[in-house]
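**Q** Here is my input; please provide its structure:
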Amino acid sequence: MTTIEEQLMIERRGHAASVARRRTNFVIFLGPAIVLTVLFFGVPVIIDIAVSFTDLSRSLRITEFTTEQYEKVFRTDRRLSQVIGLTFIYVFGTLAIFNVTFGLILAITTTAIRNASGSFFRGVWLLPRMSPSVLYILLWLWAVSPTEAGLVNQVLMQAFGLDAPLDLLTSAPIALIIISNGFIGASMGMIIFTAAIRSIPEHLFHAAAVDGAGTFATIRFITLPALRWPISFVTIYQTLSLLVSFEYILLLTKGGPFYDTTVYALYVYRRAFESGQYGYGAALALFLIVIGVVVALLGWRFFDMERLLQRPRIEVH
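**A** Okay, here's the model as predicted:
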């Protein structure tokens, strides 16, 4: 065997070993994620689609396969339009006021002060997120209690001379669920934006100060452009999270009074597990899946997230 043939044989063996190594790495690192995605997302979606074409109810018996559940969605459920409108207000209000805007304000504020003070403030703000949901809502129920023992009523009656206690659970339930969820959601944005701000090269801020840029000019021309991708990620992720989460609303207002704070995800839960309409709940849940996919794709397109995943044009060896 000539030297050239030996070299070709070695190269082929090396190529085969490289391909086998890549496949092994794929199985080791991505295999568990793929299995979990199929088991906890793919299979439930298939089951949901199947159940939505049945008349499954509290009896847990299927007597026929039908499209009746989808006819209810498009024709007979008059409350659905109200629920969808409320969901839009809830998601947009919580996202715009707290999860993105307030989280960004917290990040900029805590990174502008001393590291120790900023870290302490961020740690305190994270306490509600680290607390159990039930404990967090119990504190809110005490704060907005419609009696004189409620924290808000104590402040209003003693400091501002209010004559009678307010019942915010009845008079302003939508604002209440937005604020209570927003305090939790803002902490995630705060952490992500803080990490992004810390990664901005320090010399850019020094150069801006030398050029005479003030605080707001520095934020506008240096900080905010560097936060484009983190803001895009938080917006998309938190939008999807708000669409499917309802535990704080269920604990705080139970979706009431009546259906005034029943968002779409909670409406699906109430129809399926409180009313026993499992087939109809499955049909509603399928639309929630479709809405989530559409929102994710629109966010991906609107924020041009594909550019974030492009390979760098300059390779460093």
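
**Q** Which residue is the nearest non-sequential neighbour of Tyr264?
**A** In space, and not counting its chain neighbours, Tyr264 is closest to Thr87: 4.3 Å by Cβ to Cβ, 6 or more residues apart in numbering. Any C-beta I mention is one placed from the backbone N, CA and C, and that applies to glycine too.

**Q** ditto for Gly281
**A** Using Cβ to Cβ, 6+ apart, the closest residue to Gly281 is Ala272 (2.6 Å).

**Q** Report how many residues lie close to the one you found.
**A** Using other Cβ atoms under 10 Å, Ala272 has 20 other residues around it.

**Q** Show the average pLDDT along the helix or strand hosting Thr218.
**A** Using DSSP states H and E, Thr218 sits within helix 215-218. Helix 215-218 comes out with an average pLDDT of 89.

**Q** Using CSV, write out every CA atom in it.
**A** This file holds the C-alpha atoms of helix 215-218, laid out as CSV (Å, rounded to 0.1, in the frame of the first residue of the first chain):
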residue,chain,number,x,y,z
THR,A,215,-27.7,60.4,31.9
PHE,A,216,-30.7,60.3,29.5
ALA,A,217,-28.5,60.6,26.4
THR,A,218,-26.2,57.8,27.6
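
**Q** Residues contacting it, please?
**A** When contacts are defined by Cβ atoms under 8 Å, 6 or more residues apart in numbering, helix 215-218 is touched by residues 112, 205, 208-209.

**Q** Ok, stretch 151-166 next?
**A** 142-148, 150, 168.

**Q** go with 10 Å
**A** 139-140, 142-150, 167-168, 172 (Cβ atoms under 10 Å, 6 or more residues apart in numbering).

**Q** Let me know how buried Pro230 is, in neighbour terms.
**A** 21.

**Q** Downstream of the helix holding Thr218, the next helix or strand is which one?
**A** Next element after helix 215-218 (DSSP H and E): helix 224-226.

**Q** so how far is that next one from its chain's centroid?
**A** 22 Å (Cα atoms, centre = their mean, to the nearest Å).

**Q** and it, which residues are buried?
**A** Counting neighbours by 16 or more other Cβ atoms under 10 Å, one finds that helix 224-226 has no buried residues.

**Q** Same question for stretch 72-82.
**A** So stretch 72-82, judged by 16+ other Cβ under 10 Å, has buried residues 72, 80.

**Q** Kindly report the same for stretch 82-97.
**A** 83, 86-87, 90-91, 93-95.

**Q** In helices only, show me those residues.
**A** Among the buried residues of stretch 82-97, the members falling in helices (DSSP state H) are 83, 86-87, 90-91, 93-94.

**Q** Just give me the closest of those residues to Arg12.
**A** Comparing these against Arg12 with Cβ to Cβ places Val91 closest, at 56.0 Å.
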